[in-house]
Every structure is written in structure tokens, then in C-alpha cells.
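> Build me a structure from this.
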Amino acid sequence: MASLQDIETNAAGAPLLTPFQRIKAILGGSAGNLVEWYDWFAYSSFALYFAKHFFPTGDQTAQLLQAAAVFAVGFLARPIGAWMMGLYADWKGRRAALTASVALMSAGSFAIALIPDHAQIGVAAPILLVVARLVQGLSLGGEYGASATYMSEMATSARRGFWSSFQFLTLVAGQLTALLVLIVLQKALPVAALEEWGWRIPFAIGGLLAVVVFWIRSGLEETRSYLAAKEEGAPRGGTATLLRDHPGETAAIFGLTCAGSLAFYAYTTYMQKFLVNTTGFSKDTATTITAGVLVVYMLVQPLVGWLSDLVGRRTVMTAAFALGAVATYPAFTLIAQTQSAWAAFGLILLLVVILSGYTAINAAVKSELFPTHVRALGVALPYAMANAVFGGTAEYAALGFKTAGHESGFYIYVAVAMAVAAVITARLPDTNATKLILES
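Residues are numbered from 1 along each chain as shown. Okay, here's the model as predicted:
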């Protein structure tokens, strides 16, 4: 009987996708990924405005700390969503998981848009907010693994780094879109109106966009890797199979994601608050700086993906984590002290460009480590678990260090995590040479 790897690399079937079909599939998957991440990041982008509605006691730092705690709670649902949707994607197909995840995100976004504040329903307000974030966490936990797997399987082996980088490009685009909506509302509405009710608008927009994406995703093509494995009767994957047959790969993804997600949320999501709460910039200036950085960051992703196709993904990722470990502490220290918006912009941009060596290619690297029957689960589960522990708590940890009077401890925390990840990455196989993904 042929091995699973033989099935995936040698199976005959439908002709390879044309360039137009490949681009259509990747853009279709990307659109949903953008909306999912827009909905997720809208919470963080507008926390400065709605925190007091759900957590009315304490100063601004205390309110943001409580809002950050709810942000972290949403991450607790992501491993569950990753497990459920990962199994679903491996058993029923990537397309089925993608449509299910965006439906959950739509429900969570509409809920946040409609929840009454603390003044109206008391303690029920933050409780309902937590429930809505848990629903969004289930959605996003499944989204990452399904979209990373789908886009990696739809890419050609020679350009997998480039094509799969659009998975993170659209992730950043989702965050950027949330910030752009914030900028538009800051310009269009008086501050009082934005703080009173205008913060609900982005969540309503996100819910509507998710409905549109549900329709788009229902018409996507399934990947050839999944169809070939199903046709040939590949074994049904599961959690026990993943942990028994691929413990090293699972542990490696967990370690890489711990550092990558912690750094990502430190450099982008938390940075907006850092610029206001530590550096002293106005909310509008902090939002503009963050949005400008994200535009460049987004555009860099395909370039780094292309570079990884030329020189190797292990080389690019190891360099990114090593440089990040060295640059984080001095960059944060300088950002905290600067009075120049341009200087802050340049320093943050330096950090995210370095991080691109991880973010642009992480979907491809993780997907290339697993065979089809456990690929979605293998990518999603350790990623979501690491996010829950490190990514989701990044803002909470940063604000906790600040409250304790040792804010620089957070810079050290991020730098050490990246140094550990550099060691892990250096020990990975050269995934460019992996032949586990069937050419689409």
C-alpha cells in the first residue's frame, strides 16, 4: 500500500490550476481572512473609546487593563476553535471550515455592536462582552489553521513562500482596516459622539462584511491535496495521531508562535496604547503612526515570502528572531523617550520589518511540516495554544509591568522569547525541500 506521502506527491487527478484559478482561490481565501482579522482587531483598536463603558471604575490604565484582560480571555477560546475547526478542515475540507469560522465571527461582531453598556445593565455588560469575545475566539482559532493550510496548499511549491504570505498580508490588512475605520470616525464624529456610541459602528460593519464573505467562501474550490488524500482513503487524522506521530513538529510550532505572536502584539496592537500611555502622544497621533507602520508592514510580506523561496525559509526565520531579540529592548526604550512622531514611526517600522521574517512565511513553514490528514489541526492547535498563553496576554503583561513600575521588564520578556525562538528555528528542517504538499 502506498504511503500517505506517496499519495500526496504522486497522485494523479485534475490538471494543475491555471495562474488565474490560483490567484482567484488565494484572493478568495484572503478576503475572508481580512474580514476575520478586522473583526478581531476592531476590539483592540477601539478599546481606548469603549473601555469605560464596560469598566467604569479606575483611571485610564486600569480601564485599559480590564479591557486587555477581556482581549486575553478571547484567546482562551482559540485553542478550542483551533481543535474543532482543525479536525473539521481535515475531515470535511478546508472550504467547509473557512465558511463555518466566518459565520461565528459575524455573530460575535454583531453581539459587541449591540451589547448595552454598564450604566444600563450593570455587571451583565462585561459578562456579555466576554461571551462575544469567546465566540470570536472560537472563530479565529479555526480561521488561522484553515486559511494557512488552504493558501499553502493552493500555492505552487516554487512560490509557496510568496503566495502563502498573502495569508499574513490580509491579517495585517484586517488590522489596518480597523485602524482606518477608527481614523475615519475620529475625523467624521465629535470626540463625545465617538466615545458615547460611535465605537459600535466598526463592529456592525464587521458583522455585515462577514456575511458577504460567508457567501464568497461557499463558492471556493477545494484544494487538490485534500481531495487527493480523501480519494485515496488516507487515514483520518485526529489529536492522538498528531501528538503521537508529530510531537517534534507540534512543539516547534508552539515555540515559534509563542515568540512570533508575543512580538506581533507587542509591536502592533499594544504599541498604539504604548504611544499614548507611555510616550505621551495623542490618541489621533498614535493611531496615525500605527496605521502608517501597518501599511508598510503589509506590503513587505510578499517580498519576504519571495525571498524565502530563494534563500530558504529556515534562514529567513532564524535571522528574524535573532535580530528581534537584539533590537526589541533598545527600540522600545527609544520609543518611550522620543517626542518625534517620525522617530517613533521609524523605530516601530524597524521592529515590524524584522518580524516579517517570521510573519510572512509562518503559514508555509507550518503547513510544510505536516501531511494532509493532520495538516490543518497540526497548524492550528499549537498555534492557538501559544497565542492563548503569550499573544493574548501581551497587552495585559505590558500594562502589568507598567503598573508595577518596571515597564522595561516587558521589553526583556519579548526579547528573551525571540531569542529562544531563534534557537528553535535554527534546528528546523529546510521546509523548502519538503514534498508533503501536493502541487495544486
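> Can you point out the buried residues in stretch 190-201?
Neighbour-count burial for stretch 190-201, with 16 or more other Cβ atoms under 10 Å as criterion, is recorded at Leu194, Glu195, Gly198, Trp199, Arg200, Ile201. Glycine gets a C-beta too; all of them are placed from N, C-alpha and C.
> what about it, how long is it end to end?
Distance across stretch 190-201, first residue to last, is 14 Å (Cα to Cα, to the nearest Å).
> Check stretch 151-167 too.
Start-to-end, stretch 151-167 (Cα to Cα) is 7 Å.
> how far out from the middle of the chain is that stretch?
17 Å (Cα atoms, centre = their mean, to the nearest Å).
> residue contacts, the spatially most central residue of the chain?
Nearest residue to the geometric centre of the chain (Cα atoms, centre = their mean): Leu171, 5.9 Å. Counting by Cβ atoms under 8 Å, 6 or more residues apart in numbering, Leu171 touches Asn33, Leu34, Trp37, Thr359.
> now, among those residues, which is nearest to Phe162?
Of all those, Phe162 sits closest to Thr359, with 13.9 Å by Cβ to Cβ.
> how much space is there between the closest residue to the closest one other than its chain neighbours and Leu377?
Spatial nearest neighbour of Thr359, chain neighbours left out: Phe168 (4.7 Å); criterion: Cβ to Cβ, 6 or more residues apart in numbering. According to Cβ to Cβ, to the nearest Å, Phe168 and Leu377 sit 20 Å apart.
> swap in Val293?
Val293 sits 33 Å away from Leu377, taking Cβ to Cβ as the criterion.
> Kindly report the same for Ala291.
Distance, Ala291 to Leu377, by Cβ to Cβ: 35 Å.
> for this protein, which spans come out with low pLDDT?
For the chain, the stretches with pLDDT under 70 are 1-17, 57-66, 68, 71, 233-237, 434-440.
> show me what contacts the closest residue to Leu140 other than its chain neighbours?
In this structure, Leu140 finds its nearest non-sequential neighbour in Trp40, 5.4 Å apart by Cβ to Cβ, 6+ apart. By Cβ under 8 Å, 6+ apart, the residues touching Trp40 are Gly74, Met105, Gln136, Leu140, Gly174.
> Buried residues in the host helix or strand of Trp40, which are they?
Applying DSSP states H and E as the criterion places Trp40 in helix 19-45. For helix 19-45, burial by neighbour count (16+ other Cβ under 10 Å) applies to 22, 25-26, 28-45.
> likewise stretch 340-354?
Neighbour counts over stretch 340-354 (16+ other Cβ under 10 Å) mark Ala341, Ala344, Phe345, Leu347, Ile348, Leu349, Leu350, Leu351, Val352, Val353, Ile354 as buried.
> Touching it from outside, list them.
263, 267-268, 271, 275, 279, 281, 285, 288-290, 292-294, 296-297, 300, 320, 323-324, 327-328, 331, 334-335, 338.
> 7 Å instead, please
The contact list for stretch 340-354 (Cβ atoms under 7 Å, 6 or more residues apart in numbering) reads 267-268, 271, 275, 279, 281, 285, 289, 292-293, 296-297, 300, 320, 323-324, 327-328, 331, 334-335, 338.
> and after the helix or strand hosting Phe345, which helix or strand comes next?
Here Phe345, judged by DSSP H and E, is contained in helix 341-359. Per DSSP H and E, the first helix or strand lying C-terminal to helix 341-359 is helix 362-367.
> Show me what the helix or strand following that next one is packed up against.
Counting by DSSP H and E, the next helix or strand C-terminal to helix 362-367 is helix 372-386. Under the contact criterion of 3 or more Cβ pairs under 7 Å, 6 or more residues apart in numbering; DSSP states H and E, helix 372-386 touches helix 78-92, helix 124-154, helix 224-231, helix 239-245, helix 247-264, helix 362-367.
> Try it again at 8 Å.
helix 4-10, helix 78-92, helix 124-154, helix 224-231, helix 239-245, helix 247-264, helix 362-367 (3 or more Cβ pairs under 8 Å, 6 or more residues apart in numbering; DSSP states H and E).
> Looking at those, spot the one closest to Ile412.
helix 247-264 (12.1 Å).
> can you pull the buried residues of that closest one?
Buried residues in helix 247-264, counted by 16+ other Cβ under 10 Å: 249-250, 252-264.
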